[in-house]
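>>> can you look at this prediction? I've put the sequence above it.
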Amino acid sequence: MDNRSANRRVAKLAAHLQPQIRRDPTAAHKAGFTVAVLGAAGGIGQPLSLLLKRCPLVADLRLYDVVPLAAGVAADVSHVNSRADTRGFHGPSQLPLALEGCDLVVIPAGVPRKPGMTRDDLFNINAGIVRDLVAACAKTCPNAVLNVISNPVNSTVPIAAEVLKDAGVYDPRRLMGVTHLDVMRARTFVSRSKGGDPNTIDIPVVGGHAGVTILPLLSQTRPFPKGGFTAEEARALTHRIQNGGTEVVDAKAGAGSATLSMAAAAAEFAHSVLRGLNGERNVLEHAFVESRLVPGCAFFASKVRLGRVGVEKVLGLGKLSDAEAAGLKALTPELSASIRKGFDFARASIPALTSSSTANAGSRLAAAPGLGA
Ligand SMILES: NC(=O)c1ccc[n+]([C@@H]2O[C@H](COP(=O)([O-])OP(=O)(O)OC[C@H]3O[C@@H](n4cnc5c(N)ncnc54)[C@H](O)[C@@H]3O)[C@@H](O)[C@H]2O)c1
Ligand SMILES: O=C(O)C[C@H](O)C(=O)O
């Protein structure tokens with residue numbers, strides 16, 4: 001065979017293999033992603049770090065906390081035999097090192113609820129923690145996807161958005177509040193009461209992440225249970241899903257809130273984000289993101305399609321039952337007020353945060369497409 005026909009055969013083979021390489025989810029894993037957990041020594045942070053160490057898409061895992069235990073957690077997790085290089089960082093001086101080059105930053109830093117508290121009662125402490133951590137992300141890894149777990153999510157995500165805008169690096173596609181635990185709870189409680197496989201049952205949970213702002217759309221359960229839901233079943237299941245967090249807070253009796261189930265939810269959600277960044281098509285999850293779905297709510301949780309840029313598309317709410325439509329109407333004032341509270345806090349405290357970044361404000365924002373739907 002002469003050189004030219006050999007080259008043609010190689011080119012033909014390469015062209016034939018290329019689509020397979022693109023489709024093969026393991027093909028791009030070779031590079032892997034750099035992921036940081038901020039609050040890694042905490043109740044969520046520790047099991048989340050362990051689960052991320054096991055994630056095949058993570059090549060470099062950075063575990064950061066304000067307490068020195070971060071180093072111990074990293075030493076411990078690093079012995080798990082997976083490819084992710086794992087290092088611990090602690091204290092603000094090491095935060096930029098933890099964030100350098102990150103593709104994804106997961107933020108469970110902050111205080112949890114005790115019995116009798118609402119998530120909003122955490123605002124005074126957690127708002128400042130999230131503001132400062134996101135400011136550090138804006139500076140060191142402005143292109144990273146941020147997954148915000150710290151409560152109250154309905155306010156901390158708007159705070160994060162304002163901080164990113166102030167730094168001129170806001171892209172709504174890369175900012176997500178993690179509401180996946182609500183989806184997991186819906187799958188668990190509905191499949192237990194009505195049958196179905198909790199791994200595959202699909203139940204949209206929309207709105208926000210606090211009490212009545214958590215709105216499961218049981219009428220859209222797929223596969224739909226035989227006989228459907230009676231009004232009483234739908235009411236009881238909705239109530240349980242909305243109060244799943246309080247159920248755990250009360251059961252832990254002052255020792256914290258959901259940590260293990262949340263770590264599982266955050267790890268599963270992070271894995272989906274990385275699958276999207278990795279080029280996998282049609283990765284669908286729920287997240288609290290910038291949205292135009294509901295007037296008055298600049299952020300809203302709904303089904304989203306994840307891709308190479310983060311959130312590729314905010315999907316619609318579908319057809320609601322009468323009870324769900326009433327639930328949506330009822331949640332809007334509370335969610336809207338929580339979002340406004342986050343915006344107001346950020347706007348009031350940002351001038352103290354960064355004076356030099358103000359000149360850049362909006363430069364990237366202007367270029368970033370909004371998340372419509
Ligand atoms: N989104 C959700 O569905 C969901 C579910 C469960 C819990 N949460 C929230 O997650 C947060 C954490 O819960 P937890 O049980 O892990 O609490 P925790 O107290 O066990 O852990 C929090 C960790 O954050 C660290 N931390 C505090 N300030 C920090 C800072 N500035 N930088 C870095 N780390 C910092 C602490 O040292 C601690 O290790 C709470 O706000 C809780 O309400 C959200
Ligand atoms: O309920 C909490 O305070 C923690 C979390 O938001 C949850 O839903 O479990």
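Yes, it's here. Ligands and ions are numbered 1, 2, ... in the order given.

>>> residues from the stretch 1-150 of the chain in reach of ligand 2?
112-113, 119 (CB under 6 Å from any ligand atom). Placement of C-beta: from N, CA and C, glycine included.

>>> and which of the residues you listed is nearest Ser93?
Nearest to Ser93, judged by CB to CB, of these is Pro112 at 26.0 Å.

>>> list, one by one, the residues from the chain near ligand 1.
For the chain, the contact set with ligand 1 under CB under 6 Å from any ligand atom comprises 38-39, 41-45, 65-67, 108-113, 122, 126, 129, 133, 149-151, 153, 178, 181, 209, 256-259, 262.

>>> so is the residue nearest to Gly101 when sequence neighbours are not counted in a helix, a strand, or just coil?
Sequence neighbours aside, Thr34 is the residue nearest to Gly101 in space, at 5.2 Å (criterion: CB to CB, 6 or more residues apart in numbering). Assigned state for Thr34: strand (three-state reduction, DSSP: H, G, I helix; E, B strand; the rest coil).

>>> bridging residues for Thr34?
Asp60 (DSSP bridges).

>>> most proximal residue of the stretch 201-350 of the chain with respect to ligand 2?
Nearest residue of the stretch 201-350 of the chain to ligand 2: Gly245, at 2.2 Å (CB to the nearest ligand atom).

>>> pretty sure that residue sits in a helix.
Yes - checked against three-state DSSP, Gly245 lies within a helix.

>>> hmm, it is touching Pro115, no?
No - using CB atoms under 8 Å, Gly245 is not in contact with Pro115, being 11.5 Å away.

>>> and these two? Which one has more around it.
Gly245 (24 against 12; other CB atoms under 10 Å).

>>> got a list of what the more buried one touches?
Counting by CB atoms under 8 Å, 6 or more residues apart in numbering, Gly245 makes contact with 113, 119, 181, 257-258.

>>> can you pick the most crowded of these?
That'd be Arg119 among the contacts of Gly245, by other CB under 10 Å, with 26 neighbours.

>>> still on that earlier bit, who are the contact partners of the residue nearest to Gly101?
58-62, 101-104 are the contacts of Thr34 under CB under 8 Å, 6+ apart.

>>> tell me which two in those residues are the farthest apart.
Of all pairs in the contacts of Thr34, the most separated under CB to CB is Val58 and Gly101 at 13.2 Å.

>>> between these two, point out the one with more neighbours.
Neighbours were tallied for Val58 and for Gly101 using other CB under 10 Å; the higher tally belongs to Val58 (26 against 12).

>>> in the chain, what residue is nearest ligand 1?
Gly42 (2.0 Å).

>>> report the two of the contacts of Gly245 separated the most.
Arg113 and Leu181, at 13.7 Å, using CB to CB across the contacts of Gly245.

>>> near ligand 2 at all, stretch 151-164?
Yes - for stretch 151-164, a contact with ligand 2 is found by CB under 6 Å from any ligand atom, at Asn151.

>>> all strands for the stretch 201-350 of the chain, in order.
For the stretch 201-350 of the chain, the strands defined by DSSP state E, counting those that start in this stretch cover 205-207, 214-216, 283-290, 299-307, 310-314.

>>> show me what counts as buried in the single longest helix found in the chain.
What stands out as the longest helix in the chain, according to DSSP state H, is helix 322-353. Within helix 322-353, the residues that qualify as buried are 324, 327-328, 331-332, 334-336, 338-339, 341-343, 345-346, 349-350, 353, counting by 16 or more other CB atoms under 10 Å.

>>> ok and that helix relative to strand 299-307, angle-wise?
With axes from the mean of the first three to the mean of the last three CA atoms, to 10 degrees defining the directions, helix 322-353 sits at 90 degrees from strand 299-307.

>>> centre of the chain versus helix 322-353, how much separation?
18 Å (CA atoms, centre = their mean, to the nearest Å).

>>> ok, the closest residue to Leu175 other than its chain neighbours - contacts?
Once flanking residues are discounted, Leu175 sits nearest to Leu146: 5.3 Å by CB to CB, 6+ apart. Going by CB under 8 Å, 6+ apart, Leu146 touches 104-105, 107, 134, 137, 160, 174-176.

>>> which residues of the stretch 51-200 of the chain fall in strands?
Under DSSP E, counting those that start in this stretch, the stretch 51-200 of the chain gives strands at 58-65, 85-90, 104-107, 145-148, 175-177.

>>> could you dump the ones you listed to TSV with mean pLDDT?
TSV is the format used below for these (pLDDT from 0 to 100):
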stretch	mean pLDDT
strand 58-65	98
strand 85-90	98
strand 104-107	99
strand 145-148	99
strand 175-177	98
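
>>> most tightly surrounded among the ones you listed?
Most buried of the strands of the stretch 51-200 of the chain by mean neighbour count (mean count of other CB atoms under 10 Å) is strand 175-177; its value is a mean of 28.

>>> I'd like to know which elements that one is packed against.
strand 145-148, helix 153-166, strand 283-290, strand 299-307, strand 310-314 (3 or more CB pairs under 8 Å, 6 or more residues apart in numbering; DSSP states H and E).

>>> nothing else from me, thank you.
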